[in-house]
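# sharing a sequence plus its predicted fold:
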Amino acid sequence: MEQNKSALTFPPPISRETDYTLLIKQLGKAVLDNPGGEKSQRLLATESLWHQLPTAKALEWADLAKIAGLPETALAVYARLTGKEPENEAAWEAYIQLLDILDYTKRLGSVVTLAQNHLPKKIISSWISRNHNQPPKKTNDNQDLDAPVRPFVQMQTRHAMLSLYLNIFSGRRDVFARQWADKTQGKSGYVPVRRPMEKSDIEDHLKGIKTYGIYLMGQDASVRCGLIDADLVPALRGKNKKNAVLAQIRKEQAYMISRIKDASSGLGVAPLLEFSGSKGFHFWFFPDRPIKAALVRKVLSNIADSLKPDLDCFDLEVFPKQDHLSGKGLGNLVKLPLGIHRLSGKRSYFPNCIKKDIASQLAFLEQVKKIPAHAFDDPLPGKECKNLIFHPGMEAIVKEYPDLFELQRLCPPVGQIISLAREGRSLRVREEKILFQTIGFLPDAKKIFHYLLQSDPEYNPHMVDYKLSRLRGTPLGCKRIHSLTGVARDFCNMSPDSIGYLHPLIHLKGWQKTIGNKTPVSEKTRNLEEAIEGLKSAILQVEHFLV
């Protein structure tokens with residue numbers, strides 16, 4: 001083992017016969033095991049070594065330098081490669097993108113000018129972020145009196161945003177974690193960095209130079225934040241998905257987000273929603289002071305456990321996972337938001353913020369409200385959260401539309417469509433049919449539908465009234481709803497009506513009081529002549545409506 005370390009630290013000069021693949025593989029393993037290791041960094045920075053590498057291996061060397069936190073070494077490698085092989089598009093791309101990430105504006109401009117002598121401008125432009133790709137606006141310095149102080153104001157604003165970020169996403173103070181990735185083997189992980197996290201670390205994280213995570217639990221078993229992690233189930237993580245699968249994920253995603261927000265309303269604020277980059281979402285909760293991990297975990301577990309039976313596409317997991325630290329362990333860690341996953345290359349973001357640039361995403365954190373610590377002392381009652389305590393603002397809506405919220409909670413297939421409508425998303429024909437032929441039979445159907453669909457860009461109140469007026473027969477049955485939505489789960493555990501017919505409205509107490517809710521055996525029209533007459537009548541009403 002000592003011989004290997006010595007060989008890694010003081011390598012012999014590279015000759016033509018050297019096995020470059022083996023050398024870089026050994027170096028790569030050392031870097032991934034300990035990205036900040038002094039020996040690996042010293043070796044990577046040795047010019048006499050990477051000067052002799054062939055182009056492909058030199059590019060790999062530069063990638064390792066970036067992982068090890070040596071961006072200047074990587075830039076030196078790229079500069080040599082582009083000078084030696086000016087037609088090498090891969091080297092120019094890596095060179096320009098790293099300068100862009102590092103925000104080296106002047107140097108970036110010089111390198112882009114050189115690259116344009118050898119490559120099409122359109123290709124080069126696609127490598128540069130939008131901010132650097134736009135020409136500077138012409139200003140009149142004589143009229144712009146704030147020009148001299150503007151850089152200082154921007155710097156102060158940036159520092160304030162970084163301080164806010166550190167305050168919100170706060171974990172254990174004496175240690176944090178750095179992510180590593182081996183793309184050749186498809187592996188990634190974290191190594192502890194045993195010192196307090198600083199603003200410069202957050203800058204590196206946001207720029208994509210490094211990626212960090214925090215250990216949630218302190219040595220006194222307290223936490224400053226917790227979260228519900230919602231990941232797509234492994235079977236659905238592939239890139240190529242059928243439209244039906246995508247539609248199901250879309251509905252379940254809206255349903256999950258809506259249910260977690262509703263269930264969290266008793267805490268006084270909604271969780272901060274983060275799209276984790278590819279697999280799913282994080283729902284962040286922030287107490288206004290450090291509290292015991294057991295209290296946070298109990299409340300979040302109640303919320304997650306009430307939803308798990310209704311989800312097929314997502315797995316829910318609560319962090320922190322334990323109430324106390326064991327032995328010398330550091331506990332669970334979570335990747336910080338807005339960073340780039342070293343393996344997938346994807347950046348996480350807050351989807352409720354319209355703009356996705358880093359400055360806007362950071363500014364969005366000013367809207368985050370922390371939860372009073374006492375809200376965690378009285379966890380949401382019941383493992384299944386049957387008697388949810390709603391925030392006063394939410395409670396008013398729930399009281400006004402009790403059947404709607406009860407149906408959303410108790411019937412997942414219909415609840416998913418209700419969630420889409422509440423978010424203002426346009427519904428498909430099948431989804432709209434299901435809503436009209438279930439909710440449409442409730443006594444307050446008209447009031448509920450106008451509330452549900454008012455945010456839809458294609459909302460037409462007259463057409464909604466017309467469709468409700470055309471409803472005939474009985475509610476759509478559970479079997480038909482499962483067929484239309486593609487749901488494969490078992491039917492809900494409830495008793496059918498007097499003739500053995502199952503439909504979602506049986507869940508509701510209000511439906512039991514409805515007069516004339518007897519259900520025939522079949523949902524289909526039995527008489528063909530009756531169907532034709534019904535069609536003629538519908539055509540006449542549509543014509544009258546259009547006129």
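Right, received. Where do you want to start?

# tell me where the model's unsure across the chain.
Low-confidence segments of the chain, defined by pLDDT under 70, span residues 1-19, 32-36, 129-155, 327-328, 378-397, 488-490, 497-500, 510, 512-538, 540-547.

# quick check, central residue of it?
Against the mean C-alpha coordinate of the chain, by CA atoms, centre = their mean, the closest residue is residue 275 at 0.9 Å.

# contact partners for the residue nearest to it when sequence neighbours are not counted?
Excluding its sequence neighbours, the residue lying closest to residue 275 (CB to CB, 6 or more residues apart in numbering) is residue 351, at 5.0 Å. Just so you know, the C-beta spots here come from the backbone N, C-alpha and C atoms, and that holds for glycine as well. Taking CB atoms under 8 Å, 6 or more residues apart in numbering, we find residue 351 in contact with 273-275.

# try 10 Å this time
257, 273-275, 281 (CB atoms under 10 Å, 6 or more residues apart in numbering).

# residue 226: which of those residues is nearest?
For the contacts of residue 351, the closest approach to residue 226 (CB to CB) belongs to residue 274, at 13.3 Å.

# name the SS class of the nearest residue to that closest one once chain neighbours are set aside, please.
Nearest residue to residue 274, sequence neighbours excluded (CB to CB, 6+ apart): residue 282, at 4.3 Å. Three-state secondary structure (criterion: DSSP: H, G, I helix; E, B strand; the rest coil) places residue 282 in strand.

# so what's the gap between the longest helix belonging to the chain and the chain middle?
Scanning the chain for the longest helix, with DSSP state H as the assignment, gives helix 243-264. Computed by CA atoms, centre = their mean, to the nearest Å, the chain-centroid distance of helix 243-264 equals 13 Å.

# next one: stretch 419-426
The offset between the C-alpha centroid of stretch 419-426 and the centroid of the whole chain comes to 18 Å, using CA atoms, centre = their mean.

# and what of stretch 435-451?
Using CA atoms, centre = their mean, the offset of stretch 435-451 from its chain centre is 32 Å.

# may I see the buried residues of that stretch?
Within stretch 435-451, the residues that qualify as buried by neighbour count (16 or more other CB atoms under 10 Å) are 435-442, 445, 448-449, 451.

# may I see the residues you listed arranged in CSV, with distance to residue 168 as well?
Conversion of those to CSV gives the following (distance: CB to CB, whole Å):
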residue, distance to residue 168
435, 38
436, 43
437, 45
438, 41
439, 39
440, 44
441, 46
442, 42
445, 43
448, 37
449, 39
451, 33
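
# max pairwise distance over those: which two?
Taking every pair in those and measuring CB to CB, the maximum separation is 18.2 Å, between 437 and 451.

# coming back round to it: let me see the contact set for the residue nearest to residue 274.
Counting by CB under 10 Å, 6+ apart, residue 282 touches 227-231, 271-276, 319, 334-335, 337, 348, 350.

# tell me which of those residues fall in strands.
The members of those that map onto strands under DSSP state E are 227-231, 272-275, 319, 334-335.

# show me the contacts for the closest residue to residue 89 other than its chain neighbours.
The shortest distance from residue 89 to any non-neighbouring residue, by CB to CB, 6+ apart, is to residue 119 (6.2 Å). Applying CB under 10 Å, 6+ apart, one finds that residue 119 lies in contact with 86-89, 92-93, 96, 112, 127.

# with the residues you listed in mind, which one is nearest to residue 24?
Using CB to CB, the shortest approach to residue 24 within those belongs to residue 88, at 18.4 Å.

# distance check, that closest one against residue 53.
Residue 88 sits at a distance of 14 Å from residue 53 (criterion: CB to CB, to the nearest Å).

# overlap in contacts, those two.
By CB under 10 Å, 6+ apart, residue 88 and residue 53 have these common neighbours: 59, 81.

# ok, those two, which is more surrounded?
Neighbour count, other CB atoms under 10 Å: between residue 88 and residue 53, residue 53 has more, with 21 against 18.

# ok, that one touching residue 21?
No - contact status for residue 53 versus residue 21: not in contact, 11.1 Å apart, counting by CB atoms under 10 Å.

# hmm, back to that, let me know the angle separating the longest helix of the chain from strand 226-232.
Relative orientation of helix 243-264 versus strand 226-232 (axes from the mean of the first three to the mean of the last three CA atoms, to 10 degrees): 170 degrees.

# what about residue 457, which SS state?
Residue 457 carries the three-state label coil when classified by three-state DSSP.

# find the nearest non-adjacent residue to it, please.
The spatial neighbour of residue 457 that comes closest, neighbours along the chain excluded (CB to CB, 6+ apart), is residue 426 at 6.6 Å.

# thought the one you found was touching residue 250?
No - using CB under 10 Å, residue 426 and residue 250 do not qualify as a contacting pair, with a distance of 11.4 Å.

# for these two, list the residues in contact with both.
For the pair residue 426 and residue 250, residues contacting each of them under the criterion CB under 10 Å, 6+ apart are residue 420.

# measure residue 273 to residue 281 for me?
According to CB to CB, residue 273 and residue 281 sit 6 Å apart.

# farthest pair in the contacts of residue 351?
Using CB to CB, the contacts of residue 351 span at most 11.5 Å, a distance reached by 257 and 274.

# among those two, which residue is more densely surrounded?
residue 274 (23 against 20).

# contacts only, for that one.
Contacts for residue 274 (CB under 10 Å, 6+ apart) come out as 227, 229, 280-284, 335-338, 348-352, 361.

# would you map the strands across the protein?
Per DSSP E, the chain carries strands over the ranges 176-182, 187-193, 212-215, 222-223, 226-232, 272-275, 280-285, 291-292, 314-319, 333-335.

# okay if I get the ones you listed as CSV plus distance to residue 367?
Compiled in CSV, these are given as follows (distance: least, CB to CB, whole Å):
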stretch, distance to residue 367
strand 176-182, 25
strand 187-193, 29
strand 212-215, 21
strand 222-223, 22
strand 226-232, 17
strand 272-275, 9
strand 280-285, 13
strand 291-292, 22
strand 314-319, 22
strand 333-335, 21
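
# of those strands, which is nearest residue 411?
Between residue 411 and the strands of the chain, the shortest gap by CB to CB is with strand 314-319, which sits at 18.0 Å.

# just the angle between the closest one and strand 280-285, please?
If you take the same axes, to 10 degrees, strand 314-319 sits at 40 degrees to strand 280-285.

# direction included, what does strand 314-319 pair up with?
Here the strand partners of strand 314-319, with direction, are listed using DSSP bridges: strand 226-232 (antiparallel).
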